[in-house]
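Undergrad: only geometry, no sequence info:
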């Protein structure tokens, strides 16, 4: 069975007065139907840009994105519009991503109206169905975003994303702006929707506990590049890249008798503008050698566990 999403050597560069900013640089992975790929890394590593480039909100610099085996990078006009119905995004901030002048039902019905595929009666029925699906009460149908809490706003954003029955959804830190108790509710809703509808997710986050809960596989990004990719359980059991180890060491431990040994990173962060060949983490890596300043290759060290580090067998 072909993967729903296949990303091949994807690059997205932005021009700046000082040169090209390598936001996404040579990223490759696949996501199977009904699975969730978590993408983690510190702020500015290119997680959100990667998601937006995949669904064509950003034009890719080079590389390929295939949706159910069909390339979507260079689509235009009607073909792009048809592909976008199959790929949707849930944004990080539910307040700024909703139109303050539209009520809950107006926001949800908008994609249905724009698509031109549904009659007035069908739009009304589907809007009611979507509100029920994500847990928005009928009494809130005419509520505006400022009248709702963050959790309900995000549920509206989820309903809008699902309106046209997409195959693939980018979840761009969808719970980071919510209270912890509401986070759990939204995460459980996303998992239930995935099971019921067979959705495929790319889940962008910087919260390691969240990505552990929801992801089947995890990509760890650093300055635009994937430094480690493997199944979720394997990553937490056997992190191999020094950057991944540092991320996991920062997770607070509740075991006072066996506290986590923190791996504190030192050194300057490499500039993503016209970066030199070699490992971009080398300036902060405690194990770096001269070999780290040479071009790096991704290596499969065990089944499904990929690491980009020239010293992986020495660590």
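TA: Done, it's in. All figures in this text were calculated on a predicted structure; none of them were measured in a lab.
Undergrad: Quote the end-to-end distance of stretch 205-222.
TA: Stretch 205-222 has an end-to-end distance of 13 Å (CA to CA, to the nearest Å).
Undergrad: Return the list of strands paired to the helix or strand containing residue 307, each annotated with direction.
TA: Using DSSP states H and E, residue 307 sits within strand 305-308. If you go by DSSP bridges, strand 305-308 pairs up with strand 225-231 (antiparallel), strand 298-302 (antiparallel).
Undergrad: Show me what counts as buried in the longest helix anywhere in the chain.
TA: Assignment by DSSP state H gives helix 180-197 as the longest helix of the chain. In terms of neighbour count (16 or more other CB atoms under 10 Å), helix 180-197 has its buried residues at 182-183, 185-187, 189-190, 193-194. Bear in mind the C-beta positions are built from the backbone N, C-alpha and C, glycine included.
Undergrad: so where's this structure uncertain?
TA: Filtered on pLDDT under 70, the chain yields the residue ranges 1, 255-259, 315.
Undergrad: Could you pull out the helices in it for me?
TA: Secondary structure of the chain (DSSP H): helices at 47-54, 77-86, 104-115, 120-134, 150-162, 180-197, 208-214, 232-237, 242-249.
Undergrad: With distance to residue 31 as new columns, can these be given to me in JSON lines?
TA: As requested, the helices of the chain are exported to JSON lines (distance: least, CB to CB, whole Å):
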{"stretch": "helix 47-54", "distance to residue 31": "10"}
{"stretch": "helix 77-86", "distance to residue 31": "13"}
{"stretch": "helix 104-115", "distance to residue 31": "23"}
{"stretch": "helix 120-134", "distance to residue 31": "23"}
{"stretch": "helix 150-162", "distance to residue 31": "17"}
{"stretch": "helix 180-197", "distance to residue 31": "12"}
{"stretch": "helix 208-214", "distance to residue 31": "13"}
{"stretch": "helix 232-237", "distance to residue 31": "13"}
{"stretch": "helix 242-249", "distance to residue 31": "20"}
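Undergrad: Between these, which one is closest to residue 277.
TA: Nearest to residue 277 among the helices of the chain is helix 242-249; the distance by CB to CB comes to 18.0 Å.
Undergrad: To residue 143, which of the helices of the chain lies closest?
TA: Nearest of the helices of the chain (CB to CB): helix 104-115, 5.3 Å.
Undergrad: Check which helices and strands that closest one sits against.
TA: On a contact count with 3 or more CB pairs under 8 Å, 6 or more residues apart in numbering; DSSP states H and E, helix 104-115 meets helix 120-134, helix 150-162.
Undergrad: just to revisit the earlier point, quick one: the longest helix of the chain to helix 120-134, angle?
TA: Interaxial angle, helix 180-197 versus helix 120-134 (axes from the mean of the first three to the mean of the last three CA atoms, to 10 degrees): 130 degrees.
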